[in-house]
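*Asks:* quick one, fold the following:
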Amino acid sequence: MTMIAPLLFSMSIFAQNVDTQISGKLDVQGRYYLNEGMYKHQDYQEQFSFSIQPELYWEWNNSTDSLIFKPFYRYDHQDDERSHADIREFLWTHVGDDWEIKTGIGKVFWGVTEFQHLVDTINQTDGVESFDGEEKLGQPMVNLSLIRDWGVIDAFILPGFRERTFSGQMGRLRPPFHVEGDFAQYESTRTDNHIDYALRWSHSIDVFDFGLHWFNGTNRDPDLHLEKGGEDGYFIPFYEQTNQFGVDAQATIDEWLLKFEALSRNGLNGTYTAAQAGFEYSFYGVADSDADIGLLLEYGWDDRGLDSNSGFQNDLFFGARFTFNDVQSTELLIGGGYDLDYESNSLFVEGSHRIGNNWKIVIDAQFFNSKDMSDPSYSIKEDDYIQLTLEYYL
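*Replies:* Alright, predicted model coming up:
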């Protein structure tokens with residue numbers, strides 16, 4: 001918050017003609033698990049929650065300065081750890097002729113692939129908000145962007161580390177032992193006060209969009225160390241220091257989108273390389289309608305093999321995206337994954353449909369199939385669920 005104070009002072013000085021916008025989202029969510037839980041305390045199949053995420057936006061100095069504030073809160077009636085609050089964004093932006101600086105708490109997305117975002121490194125995953133890792137916690141940062149003909153350079157100073165959120169003892173979609181985040185351990189003696197750094201170059205040439213990055217700091221993906229076994233066992237997350245280089249690239253060739261992400265990461269456990277690659281092929285105006293269909297196929301690889309903690313060490317992913325291009329902005333994504341080592345598989349459904357000007361209904365479903373106890377997905381094989389969310393936009 002100390003980074004924000006001078007920004008608010010600056011805003012008060014140049015407050016003439018400030019444009020203020022207020023928006024946000026409320027949602028009510030219900031989830032039904034098709035099976036009883038595998039572990040102690042998971043004696044339920046219904047889970048209900050609601051969340052609120054207001055958004056306040058100010059713009060001044062002829063749009064060269066802006067400030068966004070986006071807090072978030074969710075209450076969950078089953079899992080206390082899923083009831084949580086966060087500041088997703090509290091970010092001041094100043095735009096120059098060929099440069100831009102952002103200071104505060106922000107969100108940054110890197111990557112092009114659909115089923116796994118290998119290079120999306122800056123923000124920590126909000127592990128209790130969504131199963132697929134798409135939701136992220138806000139990250140304190142200073143971000144300078146230099147815009148040149150030969151590409152965009154983004155330099156980051158990241159003061160302060162965000163620990164990953166995990167389901168509690170009563171939570172589902174978790175490992176066989178719950179994670180005690182309060183006992184988190186770090187390789188750095190500065191613990192969660194370590195200052196991280198990142199640098200990225202991105203550019204577009206003809207049909208190609210690509211980026212190269214370097215990251216040095218606290219690994220967002222913790223190792224989980226088992227403290228003790230039995231019914232009272234739990235995991236302690238350990239966050240190592242890491243040095244990472246990565247690339248993401250996408251080519252748009254007629255109806256084809258070719259996608260690739262890769263990284264090389266060095267830490268206490270050595271150096272490893274991982275990659276995700278695939279394509280999306282789109283059919284436009286199917287059967288003389290307004291609807292489009294995109295077919296997706298990707299492959300994920302990790303040279304650590306079965307020692308990988310990502311769960312995507314040798315996996316094939318597939319899907320179909322339906323975009324109806326109607327007034328209600330109806331969309332549907334159906335897909336799944338197959339682990340070529342463990343021979344386990346999963347299926348998912350994601351859909352949304354707008355109702356009027358302010359309402360949207362969202363459906364999410366996940367189904368898991370695993371028979372090998374050494375497979376990371378075995379711990380959630382009974383957590384098939386169907387989820388409905390009703391969203392209201394301010």
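*Asks:* helix/strand/coil for Asp192?
*Replies:* Recorded secondary structure, Asp192: helix (DSSP: H, G, I helix; E, B strand; the rest coil).
*Asks:* contact partners for it?
*Replies:* Counting by Cβ atoms under 8 Å, 6 or more residues apart in numbering, Asp192 touches Gly160, Phe161, Arg162, Glu163, Ala184, Tyr186, Thr218. C-beta here means a position set from N, CA and C on the backbone, and glycine is covered the same way.
*Asks:* just Leu347 next, same as before
*Replies:* Applying Cβ under 8 Å, 6+ apart to Leu347 gives the contacts Ile334, Gly335, Gly336, Gln366, Phe367.
*Asks:* filter the residues you listed down to just the ones in strands.
*Replies:* Ile334, Gly335, Gly336, Gln366, Phe367 (DSSP state E).
*Asks:* now, among the residues you listed, which is nearest to Arg354?
*Replies:* Nearest to Arg354 among the ones in strands among the contacts of Leu347, counting by Cβ to Cβ, is Ile334 at 19.5 Å.
*Asks:* and the closest one, bridged to which residues?
*Replies:* When assigned by DSSP bridges, Ile334 has beta-bridge partners Ala320, Val349.
*Asks:* what sits against Ser150?
*Replies:* Let me fix one detail, which is that residue 150 is Trp and not Ser. Counting by Cβ under 8 Å, 6+ apart, Trp150 has contacts His203.
*Asks:* grab the most central residue of this protein for me.
*Replies:* Glu134 (2.9 Å; Cα atoms, centre = their mean).
*Asks:* need the three-state assignment for that one.
*Replies:* Put simply, Glu134 is coil when judged by three-state DSSP.
*Asks:* report pLDDT for it.
*Replies:* In the predicted model, Glu134 carries a pLDDT score of 92.
*Asks:* for it, give its distance to Asp120.
*Replies:* Separation of Glu134 from Asp120 (Cβ to Cβ, to the nearest Å) stands at 9 Å.
*Asks:* overlap in contacts, these two.
*Replies:* Common neighbours of Glu134 and Asp120 are not found (criterion: Cβ under 8 Å, 6+ apart).
*Asks:* return the closest of the contacts of Asp192 with respect to Leu34.
*Replies:* Among those, Glu163 lies closest to Leu34 (Cβ to Cβ), at 31.1 Å.
*Asks:* just checking, that closest one touches Gln185?
*Replies:* No. The criterion here is Cβ atoms under 8 Å, and Glu163 misses it with Gln185 at 10.8 Å.
*Asks:* who touches both of the two?
*Replies:* Joint contacts of Glu163 and Gln185 (Cβ under 8 Å, 6+ apart) are Pro237, Tyr239.
*Asks:* more neighbours, those two?
*Replies:* Per other Cβ atoms under 10 Å, whichever of Glu163 and Gln185 has more neighbours is Glu163, with 19 against 13.
*Asks:* who touches that one in this structure?
*Replies:* Contacts of Glu163 by Cβ under 8 Å, 6+ apart are Gln124, Gly181, Ala184, Asp192, Pro222, Pro237, Tyr239.
*Asks:* phi, psi for the last one please.
*Replies:* In other words, Tyr239. Here is the backbone geometry of Tyr239 (degrees, to the nearest 10): phi -110, psi 110.
*Asks:* may I have the residues that are in contact with it?
*Replies:* By Cβ under 8 Å, 6+ apart, Tyr239 lies in contact with Phe161, Glu163, Ala184, Gln185, Tyr186, Glu187, Ser188, Thr218, Asn219, Pro222.
*Asks:* and the pLDDT for the last one?
*Replies:* The one in question is Pro222. At Pro222, pLDDT is 96.
*Asks:* which residue, other than its chain neighbours, is closest to it?
*Replies:* Excluding its sequence neighbours, the residue lying closest to Pro222 (Cβ to Cβ, 6 or more residues apart in numbering) is Pro237, at 3.7 Å.
*Asks:* and for that neighbour, the neighbour number?
*Replies:* 19.
*Asks:* was I right to think it contacts Phe177?
*Replies:* No. Pro237 lies out of contact with Phe177 (Cβ under 8 Å); the separation is 11.9 Å.
*Asks:* beta-bridge partners for Phe208, please?
*Replies:* Beta-bridge pairing of Phe208 under DSSP bridges involves Ile205, Ala251.
*Asks:* that one and Lys259, how far apart?
*Replies:* From Phe208 across to Lys259, the span is 12 Å (Cβ to Cβ).
*Asks:* do the same with Ile122
*Replies:* On the measure of Cβ to Cβ, Ile122 and Lys259 end up 20 Å apart.
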